[in-house]
Every structure is written in structure tokens, then in C-alpha cells.
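K.L.:
sequence unavailable; structure follows:
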């Protein structure tokens, strides 16, 4: 899947969370907005939301994000439909428009 690290090893969510927190501490604005927490799921949700903003294709996002086709979890818990297609999102996820 596109969002997985290129390894045969399955990473534990706690390991991803730990790595993310260590990286965030190196950045000048590493504190999430009030009421929010950044976790490894934030990375998956952000990628899915940005990809969807660019493609509007749930099947493509399911495929590359590793969700079952038509996953309610992906739609209900990961994609934020308020995200807009920005130049950054199009740079990273524009290729998804012709992926399948």
C-alpha cells in the first residue's frame, strides 16, 4: 500500500507514534492545535484527506491506503471532506488521478 513504509516488517502503531513525536520535537511548531493530538493515524488521515481532495475517488484512496473497497471506516474516520486541493496536495497526490 502506498501509505506503508517500504519494508516487509509490519510497524506497530506505537512505534510510528513514537517516531512522529520525536520528529515533531525537532520542528519549531510541534504542538497540535488545542483539543487535537497528532499520532501515526494523523499521517494516514492526512494522506487520505489530501488524496481525496485531489481525486474525489474513494476507490483509489481505499486501494492505496490499504482499506477494504467501500470501507466505511476510511470514509467516516479518516477522510476530512473539508480539505481542499492545494498545490502541495496536487504535487504529492496528483498521480492518483490516473492511478487505477
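P.N.:
Structure's in. What do you need? Just so it is clear, the model here is predicted, and its values are computed rather than measured.

K.L.:
could you point out the longest helix in this protein?
P.N.:
Selection of the longest helix in the chain by residue count, based on DSSP state H, yields helix 40-55.

K.L.:
what's that one packed up against?
P.N.:
On a contact count with 3 or more Cβ pairs under 8 Å, 6 or more residues apart in numbering; DSSP states H and E, helix 40-55 meets helix 13-24, helix 58-65, helix 87-93. Any C-beta I mention is one placed from the backbone N, CA and C, and that applies to glycine too.

K.L.:
tell me which of these sits most buried.
P.N.:
Here the criterion is mean neighbour count by mean count of other Cβ atoms under 10 Å, and of the helices and strands packed on helix 40-55 the winner is helix 58-65, at a mean of 19.

K.L.:
what is that helix packed up against?
P.N.:
Contact partners of helix 58-65 among helices and strands, from 3+ Cβ pairs under 8 Å, 6+ apart: helix 40-55.

K.L.:
so what touches the helix it packs on?
P.N.:
Helix 40-55 is contacted from outside by 2-3, 13, 16-17, 20, 58, 60-61, 64-65, 74, 77-81, 83-86, 88-90, 92-94, 96-97, using Cβ atoms under 8 Å, 6 or more residues apart in numbering.

K.L.:
same deal with stretch 78-95?
P.N.:
By Cβ under 8 Å, 6+ apart, stretch 78-95 touches 41, 44-45, 47-55, 58, 61, 65, 67.

K.L.:
pull out the buried members of these.
P.N.:
Among these, the ones that count as buried by 16 or more other Cβ atoms under 10 Å are 44-45, 47-55, 58, 61, 65, 67.

K.L.:
and these, which is closest to residue 32?
P.N.:
residue 45 (12.8 Å; Cβ to Cβ).

K.L.:
understood, closing this out.
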